[in-house]
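Asker: What follows is a predicted protein model with its sequence.
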Amino acid sequence: SQQGEEDPQALSIQEGENATMNCSYKTSINNLQWYRQNSGRGLVHLILIRSNEREKHSGRLRVTLDTSKKSSSLLITASRAADTASYFCATNAGGTSYGKLTFGQGTILTVHP
Amino acid sequence: DAGITQSPRHKVTETGTPVTLRCHQTENHRYMYWYRQDPGHGLRLIHYSYGVKDTDKGEVSDGYSVSRSKTEDFLLTLESATSSQTSVYFCAISESGQDASETQYFGPGTRLLVL
């Protein structure tokens, strides 16, 4: 089964609104990463948060991590139509995992102009 | 796409035939990965490589083999293609596999249809 489970599966909002996506995972992690995928394209890395961090910002993105609840959230503020994409969380177990990532099923975000 | 190319980009093949997908990188990254992406499953790791001639299995390796004879190339072979292997295949690379700041860079994907 997937390490990461994302919620909601689909999210539809208007331009200018904020979008929040959640990710839950099952086992201990070294870091958690968020990726974006535009339709028909490969994934693009957005942000990485380490297990000893609680919050991280990058431009309009804010990621939080709660290791006690094994969950993370991605907030996109002031969304734009260009933010329309699928968003995936991925966990890295560290140690001898050779950087292997386990992906969630993703959230499909649609931002209406 | 961070100096990563995949070939072919699209392929249609018949059940029972062997298929080889190629991933080529110009970043000289040590680690390379093959994933498949299917609706409802997200991305799942098939095989990965942590150096030339060093490979290991991922979550869904049955029916697949890989080879890495050069740093820049990572080949994925479907030994005898089945309809369940119809999918979009992504290659990814990373510079280091054991750094907490590690991220992966993805290729554009290969769409494979097995009839």
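Answerer: Arrived safely, thanks for sending.
Asker: In the sheet, which residues pair with the spatially most central residue of chain B? Tell me.
Answerer: Nearest residue to the geometric centre of chain B (Cα atoms, centre = their mean): B:Trp34, 2.5 Å. On the basis of DSSP bridges, B:Trp34 is bridged to B:His47, B:Cys91.
Asker: Same check on A:Ser71?
Answerer: A:Ser24, A:Asp66.
Asker: Neighbours of it, how many?
Answerer: A:Ser71: 18 surrounding residues under other Cβ atoms under 10 Å in any protein chain shown. Quick note: C-beta positions are derived from backbone N, CA and C, even for glycine.
Asker: Tell me the predicted confidence for it.
Answerer: On the pLDDT scale, A:Ser71 is placed at 96.
Asker: Quick one: residues contacting it.
Answerer: Each residue near A:Ser71 by Cβ atoms under 8 Å, 6 or more residues apart in numbering or on different chains is listed here: A:Asn22, A:Cys23, A:Ser24, A:Tyr25, A:Leu65.
Asker: What separation is there between the third one and A:Leu61?
Answerer: What it means is A:Ser24. A:Ser24 is 19 Å from A:Leu61, where distance means Cβ to Cβ, to the nearest Å.
Asker: Surely the residue nearest to the centre of chain B and B:Cys91 touch.
Answerer: Yes: taking Cβ atoms under 8 Å as the definition, B:Trp34 is a contact partner of B:Cys91 at 5.9 Å.
Asker: Can you work out which residues contact both of those two?
Answerer: Joint contacts of B:Trp34 and B:Cys91 (Cβ under 8 Å, 6+ apart) are B:Leu21, B:Cys23, B:Phe74, B:Leu76.
Asker: residues near the third one, how many?
Answerer: When you say that, I think you mean B:Phe74. 29.
Asker: pLDDT score assigned to the nearest residue to B:Gly40 once chain neighbours are set aside?
Answerer: Spatial nearest neighbour of B:Gly40, chain neighbours left out: A:Gln105 (6.5 Å); criterion: Cβ to Cβ, 6 or more residues apart in numbering or on different chains. Model confidence at A:Gln105, given as pLDDT, is 91.
Asker: can you confirm A:Gln105 is in a strand?
Answerer: No: counting by DSSP: H, G, I helix; E, B strand; the rest coil, A:Gln105 falls outside a strand, being coil.
Asker: how about A:Thr20, what does it touch?
Answerer: Applying Cβ under 8 Å, 6+ apart, the residues near A:Thr20 are A:Ser73, A:Leu74, A:Leu75, A:Ile76.
Asker: right, I mislabeled it, should have said A:Gly106
Answerer: A:Glu6, A:Gln9, A:Gln37, A:Ser86, A:Tyr87, A:Phe88, B:Gly42.
Asker: which of the residues you listed tops the neighbour count?
Answerer: Comparing the contacts of A:Gly106 by number of neighbours (other Cβ under 10 Å), A:Phe88 comes first, having 26 neighbours.
Asker: Which strand residues bridge residue 87?
Answerer: Answering for chain A, as no chain was given. What pairs with A:Tyr87, by the bridge criterion (DSSP bridges), is A:Arg36, A:Thr107.
Asker: ah, I was thinking of chain B
Answerer: B:Leu112.
Asker: isn't it right up against B:Pro39?
Answerer: No: assessed by Cβ under 8 Å, B:Ser87 is found out of contact with B:Pro39, at 9.6 Å.
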